[in-house]
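Asker: Got a predicted structure here, sequence first:
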Amino acid sequence: MKMGTALIYDEEMTKYKLLWVDPACKIEVPERLIVSYEALVKSGLADRCVSIPVREATEAEILLAHSEEYLEAVKKTPFMHLEELMTFTQKYGDVYFHPNIYHCAKLAVGATLQLVDNVMTGKVRNGMALVRPPGHHSQSSAANGFCVFNNVAIAAQYAKKHHKAKRVLIVDWDVHHGQGVQYCFEDDPSVLYFSWHRYEHQSFWPNLKESDFDNVGSGKGAGFNVNVPWNKVGMGNSDYLAVFFHVLLPVAYEFSPDLVFICAGFDSAIGDPEGHMSATPDIFAHLTHLLMNLADGKVCAVLEGGYNLTSLAQSVCQTVQTLLGDPAPRPAQLGGACESALESIHSARSIHKKYWSCLQHAAAPFPEEPSSKLRRLAQQGGSQGPEGDAGGDAQREEPEKVEEKEEEEIVWPEPLRRVAPSLRSALLLPDAAECPDGCARFSPAHGPGPLERARLRKSYLKESEDEASVTLLYNLTALLGQMEKNEIRNGLALVPDVSMAATLLTSASLSKRVLLVWVGEGPVPSQIIEEEKTLVVHIDSMEPHEAQSKYYIPIPLKKGCGDTAGVVQAVLGLLLPLGYQYEPGLVLLARPPRCQVEGGLWQQLTCLLQGLALGHTLVLLQENETAPVGITASALLGNPAPSLGPLVAPGPEDVGSFEGLRLRLQTDWPLLQTTAPEKR
Ligand SMILES: CC(O)(O)NCCCCN
Ligand SMILES: [Zn+2]
């Protein structure tokens, strides 16, 4: 079922530009598209994509999100001369018109709809539309923020109308709030809009009160609008991942969309004159990866902003390369989210706890919290604050003013090349078991010599004579060796004893840090736990108990691993933050006998973990349980995991123990944090 990645681009959309002086608009230049597309061509990524032609949107399509009056007015712009264009532009904010912009705006919408058609009909799995003008600020009857028609809002309506999409997720990682999208779906529970954006307590453009975290949507749409305002600049990779793990992904998995749009603005990357953030281009590889198992992999990325031509081109390549299925780069040394980001995360989780069961036990606003907007809202029952609230809270510290000083040259390392090994998945199977198509049965170049046999027997088999086990262990270390040399990306092994295999592999790969994910009944081999070179995360129905060491983390689930909602919350809110922070060189996923994890969830877990360790994931399955082999191989081959469907609430006692774990572990593992340390 492995399918392609669409790339939709046409140089016609570079054929408009600012014709007069306007400091607010001068950064929106044709070169933004040119450098992005050229980088994709130069890196060889464009050739690996399915090239889909653009088309002009029809008027009917534009009217899915805009008024007739507005469309009629914009239709006149191609015939305007300069003065008329300037006068027309004055009606709107921070946007400019050009005789050819109407044509380009129709192409930008049409390109996005072409992407939707090809993804929704299964001609491709996912894709990216490289378009300008961008769309997420434009409103029913207004152009705004360089945007003329709202490409993604129109496309979401189009997907519902023409492709029977029931639940559409829009992830807006542009550094500006896409208020146009928020307005369009304000009361629509079938479209979940998520946006983070530079806000600085409403002092950053577009300076809207409704961009704050307490705007959750209205009427039937309450809860389906998630705003995460950045009240400081300089947000980095850890802040972005923390928002994904603790706000977006739990809600997105509960929502269970059948189509995902990314308002892919890259002004949230380092070096951007608008964003002033610190996140590096490679982070978009991880953000994309973390979204690719929603909606059966149907992800449509649509370019919005991005004004530093270097970080824009690099970030576009990181995104497309991940959509193509290449291994994600090692995340840079991650820490926890900064205090300001934690306040925003805490605010968003608290205001949404009444709408999303995955958040219902999120920490309540601290009673002694300084006169925060959040506490006041809590007192008013969490509804939106009174209009007069625009002033925000009295004590708020003066946000650090970002002096518009001369841009000092911000530099960052070029993202590392992401090499996909020639062989993706190797399976170590007993001769009897058949090998799923698409995979290669692993057999080492040569068998173990007598010395090797003796060593293995002595170290792991307690001198037993079982030659077959010696051979198996040897083959496992050979498979591991080829992964470490990046000749193989990932693998699967059917073994007689998962425990012994895990022990062997952790000690054999001492050169690297090994994340061992143990899903099901223990005991996890004790000798593993002593190794600091191994982080063991054990998910099972064990009774909550103190974690023996920083490197052995039991995640108790009352109802065991059969509880899909519980496992999902444990994976998103605990396992992934731990794994990203630990930054392993190898991920071992062990499925002990009688593991209860449901098939689709097992695939989700196998896929999500591939974002770590350059995709070096080795799955250990119990020899006599061949059922999971096919679905595991499918996930290892890069096929998207099936959608889990809308999730029910995780058990309150489980969420309680998750919160307890989080509080206990976050000193050692700060990426687990979801709330700012209480003000001293
Ligand atoms: C698409 C966008 O979000 O990057 N537009 C930003 C407009 C900024 C106006 N001050
Ligand atoms: Zn932007």
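Answerer: Received it, and whenever you're ready, just let me know what you need. Ligands and ions are numbered 1, 2, ... in the order given.
Asker: for the spatially closest residue to residue 421 that is not a sequence neighbour, helix, strand, or coil?
Answerer: The shortest distance from residue 421 to any non-neighbouring residue, by CB to CB, 6 or more residues apart in numbering, is to residue 489 (4.7 Å). C-beta here means a position set from N, CA and C on the backbone, and glycine is covered the same way. Secondary structure, DSSP: H, G, I helix; E, B strand; the rest coil: residue 489 is strand.
Asker: Surely residue 489 is in contact with residue 418?
Answerer: No - with contact defined as CB atoms under 8 Å, residue 489 does not count as touching residue 418 (11.2 Å).
Asker: any residues in contact with both of the two?
Answerer: Common contact partners of residue 489 and residue 418 (CB atoms under 8 Å, 6 or more residues apart in numbering): 327, 614.
Asker: The two - which one has more neighbours?
Answerer: For residue 489 versus residue 418, neighbours defined as other CB atoms under 10 Å are more numerous around residue 489 (26 against 20).
Asker: ok, now which ones touch the more buried one?
Answerer: Residue 489 neighbours (CB under 8 Å, 6+ apart): 327, 420, 421, 423, 424, 425, 483, 614, 615, 616.
Asker: Likewise for residue 317?
Answerer: Listed by CB under 8 Å, 6+ apart, the contact partners of residue 317 are 39, 40, 43, 45, 281, 415.
Asker: Now neighbour count and pLDDT too, for the residues you listed, in CSV please.
Answerer: Output for those, formatted as CSV (neighbours: other CB atoms under 10 Å; pLDDT from 0 to 100):
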residue, neighbour count, pLDDT
39, 20, 98
40, 23, 98
43, 18, 98
45, 22, 98
281, 25, 98
415, 19, 93
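Asker: Who are the packing partners of the helix ranked longest in the chain?
Answerer: As assigned by DSSP state H, the longest helix anywhere in the chain is helix 101-120. With contacts defined as 3 or more CB pairs under 8 Å, 6 or more residues apart in numbering; DSSP states H and E, helix 101-120 has these neighbours: strand 5-8, helix 59-62, helix 68-75, strand 126-129, helix 151-163, strand 259-264, strand 299-303.
Asker: what's the pLDDT at whichever residue of the chain sits closest to ligand 2?
Answerer: Nearest residue of the chain to ligand 2, counting by CB to the ion: residue 305, 2.8 Å away. Residue 305 is assigned 98 on the pLDDT scale.
Asker: Equivalent analysis for residue 379, please.
Answerer: Reported pLDDT for residue 379: 72.
Asker: Tell me, how many residues neighbour it?
Answerer: Using other CB under 10 Å: residue 379 sits among 9 other residues.
Asker: That one and residue 239, how far apart?
Answerer: Taken as CB to CB, to the nearest Å, the spacing of residue 379 relative to residue 239 amounts to 29 Å.
Asker: Ok, residue 662 next?
Answerer: Distance, residue 662 to residue 239, using CB to CB: 17 Å.
Asker: Tell me which of those two has more neighbours.
Answerer: Neighbour comparison, residue 662 and residue 239: the larger count goes to residue 239, with 27 against 19 (by other CB under 10 Å).
Asker: Ligand 1 versus the more buried one, what's the distance?
Answerer: As judged by CB to the nearest ligand atom, to the nearest Å, residue 239 and ligand 1 stand 19 Å apart.
Asker: Contact partners for that residue?
Answerer: Residue 239 is in contact with 230, 279, 337, 338, 341, counting by CB under 8 Å, 6+ apart.
Asker: Serialize the helices and strands packed on helix 101-120 to a markdown table and add fields for mean neighbour count.
Answerer: Below are the helices and strands packed on helix 101-120 laid out as a markdown table (neighbours: other CB atoms under 10 Å):
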| stretch | mean neighbour count |
| --- | --- |
| strand 5-8 | 24 |
| helix 59-62 | 17 |
| helix 68-75 | 14 |
| strand 126-129 | 28 |
| helix 151-163 | 24 |
| strand 259-264 | 27 |
| strand 299-303 | 29 |
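Asker: Now that we have those, can you turn them into JSON lines and tack on distance to ligand 1?
Answerer: Shown next, in JSON lines, are the helices and strands packed on helix 101-120 (distance: least, CB to the nearest ligand atom, whole Å):
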{"stretch": "strand 5-8", "distance to ligand 1": "18"}
{"stretch": "helix 59-62", "distance to ligand 1": "18"}
{"stretch": "helix 68-75", "distance to ligand 1": "17"}
{"stretch": "strand 126-129", "distance to ligand 1": "14"}
{"stretch": "helix 151-163", "distance to ligand 1": "10"}
{"stretch": "strand 259-264", "distance to ligand 1": "8"}
{"stretch": "strand 299-303", "distance to ligand 1": "9"}
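Asker: out of those, which comes closest to residue 511?
Answerer: Of all the helices and strands packed on helix 101-120, strand 5-8 sits nearest to residue 511, with 33.8 Å by CB to CB.
Asker: so how far is the host helix or strand of residue 619 off the chain centroid?
Answerer: Element membership of residue 619 [criterion: DSSP states H and E] is strand 617-622. Offset of strand 617-622 from its chain centre (CA atoms, centre = their mean, to the nearest Å): 25 Å.
Asker: Now do the helix or strand just after it against strand 617-622, angle only.
Answerer: Using DSSP H and E, the next helix or strand after strand 617-622 towards the C-terminus is helix 627-636. On the basis of axes from the mean of the first three to the mean of the last three CA atoms, to 10 degrees, helix 627-636 is oriented at 170 degrees to strand 617-622.
Asker: The helix or strand following helix 627-636: how far from the chain's middle?
Answerer: Remark: after helix 627-636, the chain's next helix or strand is helix 652-665, criterion DSSP H and E. Its chain's C-alpha centre and that of helix 652-665 lie 23 Å apart, by CA atoms, centre = their mean.
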